[in-house]
Structure formats: C-alpha cells, structure tokens
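Student: Below is the sequence, then the predicted model.
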Amino acid sequence: MPQMPKRVKFRKGQRGVTKGIVAQRKYAGYIKGNAHRGNYVAYGDFGLQSLEGGWLSAECIESGRITMTRFVSGEGRYYIRVFPHKPVTAIPAETRMGKGKGEPEYWAAVVRSGQVMFEIGGLPESAARDCLARVAYKMPFKCRFVTRRPNV
C-alpha cells in the first residue's frame, strides 16, 4: 500500500509553483533549484539521485520499494529517503468551473534535482547498479547512480 502521512493539519495543500515556470513547463510539479539537503549518500553505500525536480507520487515510491525488495532479498539493506507529504487534488473530468477545490487524489513527495531518493547497502557495486537501474526505470524523471563519498 502506498505511503501517506498518518495525520495532517490541512487536508488540501497548495501547489507551490511559480506562474512563469508553469507556463514554460507543461507538467505539474516542476520544481526550481537544486537540493541543498539530502543530496549525498548517508545510510547505504550506493544511491539513486534525481537529476530533475518534480513530484514523486506515493505509487512510484512504492513500486521502487517493491523492486528493491525483490532484488535485495535478504542480502543487503535498502533505504527510502523521500516521503510523500504533499496532497495533490483533482477535479473530475468534464466538471463546470467553480464548486471549489477538488478532493485529494494522491500523495506526492517534492523532489528537487540532486536529491538522493533511494539508497542500498551490503551489495557489490555491480548488483547495486543493476538494482538501482531497475528502480530508475520506474521513476518519472532522470536519475543517476551515485556512491558514498569517502570520509575525510
């Protein structure tokens, strides 16, 4: 079952994108700027880093989790670094204007470019690269394989 918050203060959230960017980009959830936090591998040995910003739905996170669980299967350990906090609302098709804001349709995580979304540890690099390539295929934006920085 996809992740969602246990309890929220407000049921319907605002979109949080600027008008000029929405006019340029034709898809919802375009996020400007780079990630300043969560942009390095902290828990595992290898990670999957986003190269674009956007909204990552809870269903995408869940499909990535299932893929990693099947691939790891007791050998290593995986970590999910994103959580869907944002409610995304929608109005039914062919509905007239007015009548207020739509109902929450799904939950999404706001991902900036450079943010590490998934991490994996306890596997050799070739196996981790193969596993995260399968996960990256399911993500809605471009991703890359990153490794842990050496401790200085």
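Tutor: Cool, the structure landed. Residues are numbered from 1 along each chain as shown.
Student: drop to CA atoms for contacts and neighbour counts, all remaining ones
Tutor: Will do.
Student: Which residues does stretch 32-52 contact?
Tutor: Stretch 32-52 is contacted by residues 53, 77-79, 81, 111-122, 125, 128, 132, 136, 141-149 when judged by CA atoms under 8 Å, 6 or more residues apart in numbering.
Student: please redo it, this time with the cut-off set to 6 Å
Tutor: Stretch 32-52 is contacted from outside by 112-121, 142-148, using CA atoms under 6 Å, 6 or more residues apart in numbering.
Student: now it, how far from the centre of its chain.
Tutor: With CA atoms, centre = their mean, to the nearest Å as the basis, stretch 32-52 stands 11 Å off its chain's centre.
Student: Also stretch 73-84?
Tutor: Per CA atoms, centre = their mean, the centroid offset for stretch 73-84 relative to its chain is 13 Å.
Student: So which bits of that stretch are buried?
Tutor: Buried residues in stretch 73-84, counting neighbours by 16 or more other CA atoms under 10 Å, are found at 76-84.
Student: sorry, back to before: pull out the buried members of the contacts of stretch 32-52.
Tutor: Among the contacts of stretch 32-52, those classed as buried by neighbour count (16+ other CA under 10 Å) are 112-121, 143, 145-147.
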